[in-house]
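Trainee: Have a look at this prediction, sequence included:
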There are 2 protein chains.
Amino acid sequence: MTGIDDVAKLAGVSTATVSRALSGRGHVAPRTREKVAAAASQLGYVVNADASSLATGRTRNVGVVVPFLNRWFYTAVIEGAQRRLMQYGYDLTLYNLSGHDDERSSVFEHFLLRKRVDAVLAVSLELTEQEVDSLHALGRPLVGVGGPIPGVPTLSIDDVAVTKLATEHLLSLGHRVIGHIGGDVERELSFHLPTNRRHGYELALREAGIEPDPALYYPAVFTMESGYQAAKQLLGEPRIRPTALVAASDEMAIGAMLAARDMGLSVPGDLSVIGIDNHELAPFFGLSTVDQHPGLQGERAVELLMEALQPSGGADSVPAVDQPLPFDLIVRDSTARVPLQPAAVESAHG
Amino acid sequence: MTGIDDVAKLAGVSTATVSRALSGRGHVAPRTREKVAAAASQLGYVVNADASSLATGRTRNVGVVVPFLNRWFYTAVIEGAQRRLMQYGYDLTLYNLSGHDDERSSVFEHFLLRKRVDAVLAVSLELTEQEVDSLHALGRPLVGVGGPIPGVPTLSIDDVAVTKLATEHLLSLGHRVIGHIGGDVERELSFHLPTNRRHGYELALREAGIEPDPALYYPAVFTMESGYQAAKQLLGEPRIRPTALVAASDEMAIGAMLAARDMGLSVPGDLSVIGIDNHELAPFFGLSTVDQHPGLQGERAVELLMEALQPSGGADSVPAVDQPLPFDLIVRDSTARVPLQPAAVESAHG
DNA sequence: CAGTTGAGTGCAAGCGCTTGCAAACTGGGG
DNA sequence: CCCCAGTTTGCAAGCGCTTGCACTCAACTG
């Protein structure tokens, strides 16, 4: 295996010079640098990451922890993070907590502690104080994405503003009876997100002079199936049939669209539906939504970590998150002006 | 930061003994072992992975390379691989090739070469000879999942058998005019998979004494949208309307179901549809399918790699794949006996 | 009872790189 | 021509762990 000595020998310099020439640290004469670069590429030499880590104390690797993998949002965040990390020359080591409980503790009490990562990115995770502490004790910067972690800088869109925007879009189309399918506070991973999104929905209504009707809200988990069931409930209620629905996620929204269709309602003819996410399936279903650019969130998180890793910034001093994350209303075919008179619901299917 | 010396001091032994006690290599008296374990846990000591790697030459880390992340199959494989790796005490470093072309080359020519991984798992990737060689030159075992790589042990279900099974299910329900929506050989990542799946479909028909009709095949990429479009084409053909469809993936199959509905056909009343995968959305859509257990494929791949990493097995001698991968027919609500007489197609929607 | 064996432990030499320090060299000013 | 400052390079001491070798000691063997 070719090592730094081989390169040094071939280039006719010391290993110290090779190291400096290749890493760009310290002074090296331009001609020497070229010689070294030539020798390295001739030998196909790539620095041994472990040896380098041991010597410098920096691994050029960050750990990304996710609750599980099979959710569009997480993978989108990871893709974004990875993209940026690669540009910085960093590796991404993935920890997936979807297994048993002891998988989680083993990640935090063993895997993350063996100093293989310089920093940790937690996606949609509520960390315990203990977990945060153990990472900080190691001097490893930590940032979260998509869910507030107490005492940790967290990147997250303004969940209130996002649903408010979605709801306002419906209001602007003349809708006045607007239902909401939101995260179930009891059953979701993150407590704040569903609450905030519901809050944004209510806020928009109140600003339009409409008092939110609790009967128009139905809880669900963030899946298509759950959105389907929730919509069935909301639309089956004969007393007050909404003319529009805002769902806390696109997957729920798509479920709701399918439910409406199964009930003989046309979207957007009889019912407008809007989601949050801009999920990869949203274009296919023609779903209006609010894009929250998860890939961008991943990229931003990495940039934050990189700043924290600069020697200038203190060990666990991740710079505060200042600039707000962007989100954009995307209007497709699932939202339209309120119908002049509501359609009747056929007998529920299935 | 507590190191091995601290533990040694506290336990009153040498660092060599600590190392042996904690790693389980070499002889250590039971009482000594306990003392060391106690000291280590008291100090919260976790061995420094980099130092250990440098000394042993083994990183306890494997690289997983995927073409991109946002596909159910890949994440399912990764989850399985991760689960098993964690049990072995290994980390998983993820490389995602979804970016530019130079991202791919940078992964293979730089990231994977810096000796941070002991082995590489390639998911649904066709590696070039050069890429395979450079990994072998490093003595890193390599296995593939979900797509044959020349000269590399690859785990993959029997794609012919899988579609054959799906087609036979339809045949057993009395269907005789069965369409196929398959991967587009021109546009897919892997050349073999779509061809094999189509082959299985044709094989089943021939064995039932039916000559496959090319007009009943329509190419598509592995997405819902593409399945939708393909189904529209196949079902819109008035000359020969199939009573059943086998799609090369669940996502395509779901797209096909939606297309059928939009055309006024009921599933399975007028049209049976079956897919391949057992995608997470399959239960929701009531889709009959063939489960290919991707998580299990990831686990198996890891087991193979671990065997190859045993000092007994030669460096790049991954054991041959012997046992076939399991797959199972799952019958839900999208397949039924052939209708006595075909329904008429309403005017196509959209 | 001396000799052999093997378990249990410690010493110290690495693993492949980085970097503080100092030496060697360069060029410009006095 | 000498001196100084700045640049370029090499020496060698680590980084935190593992492991071959050597040593001690107790248990056996003949």
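Mentor: Right, received. Where do you want to start?
Trainee: can you pull out the helices in the stretch 151-300 of chain A?
Mentor: A:159-172, A:192-207, A:224-236, A:250-262, A:282-285, A:294-309 (DSSP state H, counting those that start in this stretch).
Trainee: pLDDT at A:Ser334, what is it?
Mentor: Predicted confidence (pLDDT) for A:Ser334: 98.
Trainee: thought it was touching A:Ser272?
Mentor: Yes. Using Cβ atoms under 8 Å, A:Ser334 makes contact with A:Ser272 at a distance of 6.5 Å. No exception for glycine: its C-beta is placed from N, CA and C like everyone else's.
Trainee: Need the phi and psi values for the nearest residue to A:Gly286 once chain neighbours are set aside.
Mentor: What sits nearest to A:Gly286 in space, not counting adjacent residues and going by Cβ to Cβ, 6 or more residues apart in numbering or on different chains, is A:Asp333, at 3.6 Å. Main-chain torsions, A:Asp333, degrees, to the nearest 10: phi -100, psi 10.
Trainee: Who are the contact partners of A:Asp333?
Mentor: Each residue near A:Asp333 by Cβ atoms under 8 Å, 6 or more residues apart in numbering or on different chains is listed here: A:Pro268, A:Gly286, A:Ser288.
Trainee: got the residues of the stretch 1-150 of chain A near DNA strand C?
Mentor: The stretch 1-150 of chain A comes close to DNA strand C at residues A:1, A:3-5, A:15-16, A:18-20, A:22-23, A:25-26, A:45, A:47-48, A:51-52, A:54-56, as judged by Cβ under 7 Å from any atom of the strand.
Trainee: Domain-wise, how is chain A divided?
Mentor: A:4-47, A:59-140+A:295-323, A:159-292 (automatic domain parsing).
Trainee: The first one - what's its average pLDDT?
Mentor: Mean pLDDT, domain A:4-47: 94.
Trainee: anything in that domain near chain B?
Mentor: Yes. Applying Cβ under 8 Å from any Cβ of the partner chain, one finds domain A:4-47 in contact with chain B at A:Gly44, A:Val46, A:Val47.
Trainee: Check the offset of that domain from the chain's centre.
Mentor: 40 Å (Cα atoms, centre = their mean, to the nearest Å).
Trainee: Any idea how far apart the tips of that domain sit?
Mentor: One end of domain A:4-47 sits 7 Å from the other (Cα to Cα, to the nearest Å).
Trainee: can you list the weak-confidence ranges in chain A?
Mentor: Residues of chain A meeting the criterion pLDDT under 70: A:184-191, A:311-322, A:341-350.
Trainee: Residues of it that sit close to DNA strand D?
Mentor: A:12-17, A:20, A:26-32, A:51, A:54-55, A:57.
Trainee: In strands, which of those residues appear?
Mentor: Members of the residues of chain A next to DNA strand D lying in strands (criterion: DSSP state E): none.
Trainee: From these, keep the buried residues only.
Mentor: A:Val13, A:Thr17, A:Arg20, A:Val28, A:Thr32, A:Ala51, A:Leu54 (16 or more other Cβ atoms under 10 Å in any protein chain shown).
Trainee: Let me see the contact set for A:Ala248.
Mentor: Contacts of A:Ala248 (Cβ under 8 Å, 6+ apart): A:Thr163, A:His180, A:Ile181, A:Gly182, A:Gly183, A:Leu193, A:Pro194, A:Arg197, A:Arg198, A:Phe222, A:Gly275, A:Ile276.
Trainee: Ok, A:Val132 next?
Mentor: Per Cβ under 8 Å, 6+ apart, neighbours of A:Val132: A:Leu142, A:Ile149, A:Pro150, A:Gly151, A:Val152.
Trainee: what do you get if the cut-off is 7 Å, keeping everything else the same?
Mentor: Residues counted as contacts of A:Val132 (Cβ atoms under 7 Å, 6 or more residues apart in numbering or on different chains) are A:Leu142, A:Ile149, A:Gly151, A:Val152.
Trainee: Apart from its neighbours in sequence, what residue is nearest the second one?
Mentor: The spatial neighbour of A:Ile149 that comes closest, neighbours along the chain excluded (Cβ to Cβ, 6+ apart), is A:Leu127 at 5.1 Å.
Trainee: quick revisit: so which of the residues of chain A next to DNA strand D sit within helices?
Mentor: If you go by DSSP state H, the residues of chain A next to DNA strand D have A:Thr15, A:Ala16, A:Thr17, A:Arg20, A:Pro30, A:Arg31, A:Thr32, A:Ala51, A:Leu54, A:Ala55 in helices.
Trainee: Max pairwise distance over those residues: which two?
Mentor: The distance between the two most remote of those (Cβ to Cβ) is 30.7 Å, for A:Arg31 and A:Leu54.
Trainee: what's downstream of the helix or strand containing A:Gln130, the next helix or strand?
Mentor: Using DSSP states H and E, A:Gln130 maps to helix A:129-137. Of the helices and strands lying after helix A:129-137 in sequence (DSSP H and E), the nearest is strand A:142-145.
Trainee: partners of that next one, with directions?
Mentor: If you go by DSSP bridges, strand A:142-145 pairs up with strand A:119-123 (parallel), strand A:154-155 (parallel).
Trainee: Of all those strands, which one is nearest A:Asp102?
Mentor: Nearest of those to A:Asp102, taken as Cβ to Cβ: strand A:119-123 at 18.6 Å.
Trainee: Please compute how far that closest one lies from its chain's middle.
Mentor: The chain centroid and the centroid of strand A:119-123 are separated by 11 Å, computed with Cα atoms, centre = their mean.
Trainee: Put the alpha carbons of it into PDB.
Mentor: C-alpha atoms of strand A:119-123 as PDB (Å, rounded to 0.1, in the frame of the first residue of the first chain):
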ATOM      1  CA  ALA A 119     -20.000  16.800  14.600                       C
ATOM      2  CA  VAL A 120     -23.500  15.500  14.800                       C
ATOM      3  CA  LEU A 121     -26.600  16.400  12.800                       C
ATOM      4  CA  ALA A 122     -29.900  15.200  14.300                       C
ATOM      5  CA  VAL A 123     -32.800  15.000  12.000                       C
END
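Trainee: Report the buried residues of that strand.
Mentor: By neighbour count on 16+ other Cβ under 10 Å, the buried set for strand A:119-123 is A:Ala119, A:Val120, A:Leu121, A:Ala122, A:Val123.
Trainee: Surely A:Val7 touches A:Ala39?
Mentor: Yes. Counting by Cβ atoms under 7 Å, A:Ala39 is a contact partner of A:Val7 at 4.9 Å.
Trainee: In contact with the closest residue to A:Gly44 other than its chain neighbours, which residues?
Mentor: Nearest non-adjacent residue to A:Gly44, counting by Cβ to Cβ, 6+ apart: A:Thr2, 6.8 Å away. Residues near A:Thr2 by Cβ under 7 Å, 6+ apart: A:Leu43, A:Gly44, A:Tyr45.
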